[in-house]
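Chemist: Following is a predicted model, sequence given first.
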Amino acid sequence: MARGDGRTAFAYLTPALLVLGGLMAYPIYQLVLISLFDYGQEQVSGGAPLEFLGLGNYTRLLGDQQFWTVLWQTVGFAATCVIGTLVVGAALAVLATRVRPWARMLLFLAALGAWATPAVAGSTIWLFLFDANFGLVNEVLGSTGFSWTFDRWIAFGLVAAQVVWCSFPFVMVTLYAGIKAIPQEVIEAAALDGASTARTARSVMLPLLRPLILVVTIQSIIWDFKVFTQIYVMTGGGGIAGRNLVLNVYAYQQAFAASEYGLGATIGVVMTALLLLITIGYLRALRKSGEEL
Amino acid sequence: MKHPGRLVAELATVVIAAVVAFPLYWMVLTALKPADEVISADPRPWTLAPTLDNFTRALTVQSFGRYFVNSLVVALVVVVLSLLMSFLAATALTRFRFRGRTTMLVMLLVVQMVPVEALTVPLFFMMRSLGDTVPAFGLNHLGSLVLVHLAFSMPFAIWMLRGFVAAVPVELEEAATLDGASRFRFLWQVLFPLVAPGLVATSVLAFIHAWNDFLFAKTFIISAAENQTLPLALQVFIKPDQNDWGAIMAGSTLMTIPVLVFFVLVQRRLVSGLAGAVKG
C-alpha cells in the first residue's frame, strides 16, 4: 500500500460520510433525544420550556389503549400483505415456468407495470375502481353506493389487496429466477428415481429455494410493516376516527396533526426497534442457511 | 400429450396478466374519456371519443406541469449527486485498506434497516433550522427533499456499486498507472465507464425512490404550493364527494408514465445490475 492511500480513501469517503452522518446518523440520535422530552406546539414556538420526561413518553404510549390496537392492526395488516404477496408471487412464478415465452412475456410486462406504478398513483387508481358512486367494481357488482373504505376490515382488505398488487412482482421475478437457476439434471434425476412432480417440488426444489424464499419473506415483512402511502391515501389519513391506523401513519398523525412531536418520535423509536429485531432474526436465519454476508 | 395442460396454464396466464394490468388500462382509458363518459352509470371498457381534455385540465387548472418539473428536478439531482458520491465511497471501500473499513461496511448494512419514515420528526426540525441559514435547503424548498433522498438512497447505492468496483481487476489500475494516468484520470476515464451497468441499476432505484416519495414531500412542503411535487399535487385533486376523476386519472398517468418507460427501458440492465451486486 502506497503512502497517502489513507488520505485518498478519506477524501473519496468524505462527501458520503458528511451526508450520511448529517442526515442519517444525526437524525437517529435526535429521534431518540426528542422521544425523551415533552415536545409539543408550545415548546416548538418557544412558549413553554422543554421538559425532560425520561421514559415518560414510553410509559404513556404503552399505557395507551389506542397504541396497542394500532400495533396489533399493524401486525395483522402486515401479515396479511406478506402472506398474500408470497402466495401470489410464488404461484405465478411456478406458472411462469409452465408456459411458452409469449405468455410469460405478457405476465411479466403486466407485473412490471404494477411494480413501476408510484404508490400514490396506484392507490388513487384503486380508489377510483372501488369508488362508491363511479367505481367500476360497484357497477359490475350492481352495488352502487357501497363504500369500500367505510368498514374497518373491508378497508384494510382493500388496501392489502393494493399492496399485494404492487409488491408481488418482486417476489415473482426473484423466485422465477431462482427456479430457473436449478440445474435441469437435478430435476431429471429426481424424475428418473420415480419422484412425482409434487414430490420433486417438495423434496428437491423447495429446499434449494429456501434461502431465496427467506430473503423475499423478510424483505416483504420489512416493507409491509411500514406501509404509509397506501393507508394514508386510500383511507384518508387512517380512516374514520383513526380506525385504519398503522404504526407509521399513527406516528405521523401524533407528530404533525396533533403536534405531539415527542410522542411521534417515541412511536418512531418503537417501530425502529421492532424492525431491527426482525432484521436480526433475518440475519441469523441467513447465517443458519449457510448464506455468506 | 403435455399440450392440453400447457394450454390451460397459458389461458390462466393471459387472464391473470389482464387482471394485473387492468388498473393501469383503466387509468389511461379514464384519462382519455370525455367527462360525461367518466361519470356515466354504465361505464364501457373502451371509448369512441378519446380526448386530451383531462390532461389539459390537469396541466392548466391544477398547474400539474409545474409539479411535474419539480418532481423531475428533485429526482434527477438526487440521482446525479448520489451516483457521484456513492461511486467515490464505493471505490474507497473496495480499493483501499484502512482502519475502520469493516466498521463502515457494517454501519452501511445497519443503516439500510432503519425505517426512514421514523425520521420525519427529527428531520423536520433539522430542515426548519437549516432553512434559517440556507433557505434553499429549508422547509418548503425542494432542496430539503433532495437532501433527504440523497441520504436515503446512498447506503444501498454504495453497497451495490461496491460489487461492481471490486469486479474491475486491480491489474487494470496498475497498467493505467504505468501508462502515466493519474489517479484522477483512472477514476473517471477507466473505472467510471466500467461500472456503468451498476450505475444504471442504482440510478433507477434512486430515481424511483425520490419520484414516488409522498411522506417527506408532505412533511416538508407545507405552505409553498409552488414547490410541491407530483404525489402531493395528486392529493389536492381528491376531494370528498365531488372528485374530478378524469383529471385525477390524467394526473396519475402523467406520474406513472416516466417511471414505466424508465423501467421497461432498463429492465434487462436492472436485472443484470442486481445480479452483479449479489455476486459481488
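Modeler: Arrived safely, thanks for sending. All values reported here derive from a predicted model rather than from experimental measurement.
Chemist: how about the CA coordinates for stretch A:176-195, as CSV?
Modeler: Extracted in CSV, the C-alpha atoms of stretch A:176-195 (Å, rounded to 0.1, in the frame of the first residue of the first chain):
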residue,chain,number,x,y,z
TYR,A,176,-38.8,-17.3,-11.1
ALA,A,177,-35.1,-16.6,-11.5
GLY,A,178,-34.4,-19.0,-8.6
ILE,A,179,-36.4,-21.8,-10.1
LYS,A,180,-34.7,-21.3,-13.5
ALA,A,181,-31.3,-21.5,-11.7
ILE,A,182,-31.9,-25.0,-10.5
PRO,A,183,-29.9,-27.3,-12.8
GLN,A,184,-32.2,-29.3,-15.1
GLU,A,185,-30.3,-32.5,-14.3
VAL,A,186,-31.3,-32.4,-10.6
ILE,A,187,-35.0,-32.4,-11.6
GLU,A,188,-34.4,-35.1,-14.2
ALA,A,189,-32.6,-37.2,-11.7
ALA,A,190,-35.5,-37.0,-9.3
ALA,A,191,-37.9,-37.9,-12.1
LEU,A,192,-35.7,-40.9,-13.0
ASP,A,193,-35.8,-42.0,-9.4
GLY,A,194,-39.6,-42.2,-9.8
ALA,A,195,-40.5,-39.0,-7.9
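Chemist: For it, buried residues please.
Modeler: By neighbour count on 16 or more other CB atoms under 10 Å in any protein chain shown, the buried set for stretch A:176-195 is A:176, A:178-179, A:187, A:190, A:195. Backbone N, C-alpha and C define where each C-beta goes, glycine included.
Chemist: Sketch out the low-pLDDT regions of chain B for me.
Modeler: For chain B, the stretches flagged by pLDDT under 70 are B:1-2, B:240-241, B:268-280.
Chemist: Go ahead and list the helix or strand containing the residue nearest in space to the middle of it.
Modeler: Geometric centre of chain B, nearest residue: residue B:208, 1.1 Å, by CA atoms, centre = their mean. Element membership of residue B:208, judged by DSSP states H and E, is helix B:196-212.
Chemist: Please apply the same query to residue B:131.
Modeler: helix B:120-133.
Chemist: rewinding a little: what is the helix holding residue B:208 packed up against?
Modeler: helix B:64-95, helix B:142-167, helix B:245-279 (3 or more CB pairs under 8 Å, 6 or more residues apart in numbering or on different chains; DSSP states H and E).
Chemist: which one of those has the most crowded surroundings?
Modeler: Counting by mean count of other CB atoms under 10 Å in any protein chain shown, helix B:142-167 has the highest mean neighbour count of those, with a mean of 24.
Chemist: and residue A:251, how far is that from residue A:57?
Modeler: 12 Å (CB to CB, to the nearest Å).
Chemist: gap between residue A:138 and chain B?
Modeler: For residue A:138, the distance to chain B equals 10 Å [CB to the nearest CB, to the nearest Å].
Chemist: actually residue A:45, sorry about that
Modeler: 12 Å.
Chemist: Who are the contact partners of that residue?
Modeler: Counting by CB atoms under 8 Å, 6 or more residues apart in numbering or on different chains, residue A:45 makes contact with nothing.
Chemist: Okay, it and residue A:60: tell me how far apart.
Modeler: Distance from residue A:45 to residue A:60, by CB to CB: 22 Å.
Chemist: one step back: now the residue nearest to the centre of chain B: closest residue in space that isn't a chain neighbour?
Modeler: Closest residue to residue B:208 apart from its sequence neighbours, by CB to CB, 6 or more residues apart in numbering or on different chains: residue B:259 at 6.0 Å.
Chemist: OK, contacts around the one you found?
Modeler: Contacts of residue B:259 (CB under 8 Å, 6+ apart): A:116-118, B:207-208, B:211-212.
Chemist: could you dump the buried residues of stretch A:176-195 to TSV with distance to chain B, secondary structure and pLDDT?
Modeler: Formatted as TSV, these follow (distance: CB to the nearest CB, whole Å; DSSP: H, G, I helix; E, B strand; the rest coil; pLDDT from 0 to 100):
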residue	distance to chain B	secondary structure	pLDDT
A:176	11	helix	90
A:178	12	helix	87
A:179	15	helix	89
A:187	15	helix	85
A:190	18	helix	88
A:195	18	coil	85
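Chemist: how about the residues you listed, which pair is most distant?
Modeler: Using CB to CB, the buried residues of stretch A:176-195 span at most 22.1 Å, a distance reached by A:176 and A:195.
Chemist: mind listing what's buried in the helix or strand harbouring residue B:24?
Modeler: Taking DSSP H and E as the definition, residue B:24 sits inside helix B:3-32. Judged by neighbour count using 16+ other CB under 10 Å, the buried positions of helix B:3-32 are B:9-10, B:12-14, B:16-17, B:20-24, B:26-32.
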